[in-house]
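Colleague: What follows is a protein structure lacking sequence information:
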């Protein structure tokens, strides 16, 4: 989920660069180009088609069309490319967004494998913590008895007797 302040800031940058308001409902080329640029950048940042469409008050199919058409337009329309480059130089990408859209197939596979390893490590650590918590819960009544019955200043003596008890010496 992309934070709304980021979206609003991007909208202001796009509006200023194109010198218009992308929320105006018109099919004039400069407005469509501005909305297309805005939508494409948000999609690159990880937004969904539906989220961008909802924000712009459009259908998700239009956003899909923008997504597929924009790279071609930028390649052949030098004015749009200049504006896009300017927006990208002004706009701060979110630090937590990875450039996954430009990954090759091999890089995506490596990323998935790395993430799977991380999930396995985290799952293992979680299981260890849960086992330790279960053990602590089981020993909590014993701790309470020792805490209640040990007089102040006699902790070392109590510890010594507990060690003897558990070693079978008493």
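Modeller: Thanks, I have the structure now. Quick caveat, the model's predicted, so the values are computed rather than measured.
Colleague: Figure out how far the helix or strand encompassing residue 51 is from the centre of its chain.
Modeller: Here residue 51, judged by DSSP states H and E, is contained in helix 49-56. Averaging C-alpha positions (Cα atoms, centre = their mean, to the nearest Å) puts helix 49-56 19 Å from its chain's average.
Colleague: what is the mean pLDDT for the longest helix seen in the chain?
Modeller: Under DSSP state H, the helix in the chain containing the largest number of residues is helix 105-149. Confidence over helix 105-149 (mean pLDDT, whole number) is 88.
Colleague: what angle sits between the helix or strand where residue 159 lies and helix 105-149?
Modeller: Applying DSSP H and E as the criterion places residue 159 in helix 155-166. Interaxial angle of helix 155-166 relative to helix 105-149 (axes from the mean of the first three to the mean of the last three Cα atoms, to 10 degrees): 110 degrees.
Colleague: Any buried residues in helix 155-166, and which?
Modeller: Neighbour counts over helix 155-166 (16 or more other Cβ atoms under 10 Å) mark no residue as buried. Where you see a C-beta, it was placed from the backbone N, CA and C, and this is true even at glycine.
Colleague: Averaged pLDDT, that helix. What do you get?
Modeller: Here the average pLDDT along helix 155-166 is 89.
Colleague: Just checking the distance from that helix to the centre of its chain.
Modeller: 51 Å.
Colleague: same thing with stretch 64-83?
Modeller: 27 Å.
Colleague: Please apply the same query to stretch 129-136.
Modeller: 29 Å.
Colleague: What values do phi and psi take at residue 47?
Modeller: Phi and psi for residue 47, reported as degrees, to the nearest 10, are phi -70, psi 160.
Colleague: give me the number of residues near it?
Modeller: 20 (other Cβ atoms under 10 Å).
Colleague: Give me the contact list for stretch 134-147.
Modeller: For stretch 134-147, the external contacting residues (Cβ atoms under 8 Å, 6 or more residues apart in numbering) are 158, 162.
Colleague: residue contacts, residue 13?
Modeller: Counted by Cβ under 8 Å, 6+ apart, residue 13 has contacts 87, 90-91.
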